[in-house]
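**Q** predicted model follows, preceded by the sequence.
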Amino acid sequence: MDYGKNVFVFDHPLIQHKLALIRDENTGAKEFRELVEEVAMLMAYEVTRNLPLEEVQIKTPIGPAKARMISGKKLGIIPILRAGLGMVNGMLKLIPAAKVGHIGLYRDPDTLTPVEYYCKLPADVNERELIILDPMLATGGSATMAVDFLKEKGVTSIKLMCLIAAPEGIAAVHKKHPDVEIYTAAVDEKLNSHGYIVPGLGDAGDRLFGTK
Ligand SMILES: O=P(O)(O)OC[C@H]1O[C@H](OP(=O)(O)OP(=O)(O)O)[C@H](O)[C@@H]1O
Ligand SMILES: O=c1cc[nH]c(=O)[nH]1
Ligand SMILES: [Mg+2]
């Protein structure tokens, strides 16, 4: 299925296997957290595929060698609280030098519109390439608000990494921000009348933190 330019769906067997376990209603909070972190780490590998490299001169125990390292790109990862927190450690394991900014949003259960309650970003956020983390892209309201906010701060390069997206969420983000690359492990069928992704995985924040 083609969801248009700038949508990348990961079909790697390890990601799909772990996503099946994440979706399973019998998976408890401990295992859920571990799996979300692992999938984030596997996705980080792909999301960072185009980072530029530069040649460096190093010395091995045997002698001088030319090698390649990531060239001075400043990265930032921006989890949308709460559920995005579950993906942070997986990313930081692969890109430990990235700075982390937090945006706190919750969806009003009646209107489904996002409400902001917290924001703390790196001082030089506008000089960084950012990856927003949120496991669920449902109506797209939360992700769109986070991108709006970061662009207002002068950020020019933003990617969005989630576990499960609804077609409605992809369309909403790309209607306003077609430049944002969306990376996801699955695109599900639809939203239900409460704005939950079907079949999805339920409420990601509640499952991560055991709040239900
Ligand atoms: O695309 P949308 O329709 O905006 O929905 C997606 C948002 O909903 C969830 O957060 P929630 O409001 O449940 O907050 P939580 O992470 O604190 O549980 C999820 O983690 C996203 O941030
Ligand atoms: O299915 C959904 C939709 C929004 N937020 C979630 O946690 N799950
Ligand atoms: Mg929630």
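**A** Perfect, I can see it now. Ligands and ions are numbered 1, 2, ... in the order given.
**Q** can you list the residues of this protein near ligand 3?
**A** Within the chain, the positions lying close to ligand 3 (Cβ under 5 Å from the ion) are 203, 205. In short, each C-beta sits where N, CA and C put it, glycine included.
**Q** in the chain, which helix is the longest?
**A** helix 29-47 (DSSP state H).
**Q** what packs against it?
**A** helix 13-23, helix 88-94, strand 157-165, strand 181-187, helix 204-209 (3 or more Cβ pairs under 8 Å, 6 or more residues apart in numbering; DSSP states H and E).
**Q** and these as JSON lines, adding distance to residue 37?
**A** Shown next, in JSON lines, are the helices and strands packed on helix 29-47 (distance: least, Cβ to Cβ, whole Å):
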{"stretch": "helix 13-23", "distance to residue 37": "10"}
{"stretch": "helix 88-94", "distance to residue 37": "4"}
{"stretch": "strand 157-165", "distance to residue 37": "11"}
{"stretch": "strand 181-187", "distance to residue 37": "14"}
{"stretch": "helix 204-209", "distance to residue 37": "10"}
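**Q** so which of those is the most surrounded?
**A** Comparing those by mean neighbour count (mean count of other Cβ atoms under 10 Å), strand 157-165 ranks first with a mean of 25.
**Q** next one: the closest residue to ligand 1 within the chain from residue 86, what distance?
**A** Going by Cβ to the nearest ligand atom, ligand 1 is nearest to residue 205 of the chain, at 2.3 Å. When distance is defined by Cβ to Cβ, to the nearest Å, residue 205 is 8 Å away from residue 86.
**Q** doesn't residue 5 belong to a helix?
**A** No - membership of residue 5 in a helix is not supported by DSSP: H, G, I helix; E, B strand; the rest coil, which gives coil.
**Q** quick check, pLDDT for it.
**A** Looking at residue 5, its pLDDT is 90.
**Q** quick check: closest non-adjacent residue to it.
**A** residue 178 (7.5 Å; Cβ to Cβ, 6 or more residues apart in numbering).
**Q** what number of residues lie near that neighbour?
**A** 10 (other Cβ atoms under 10 Å).
**Q** before we move on, what about residue 3?
**A** 16.
**Q** quick one: low-confidence ranges for the chain?
**A** Confidence mapping of the chain against pLDDT under 70 gives zero matching residues.
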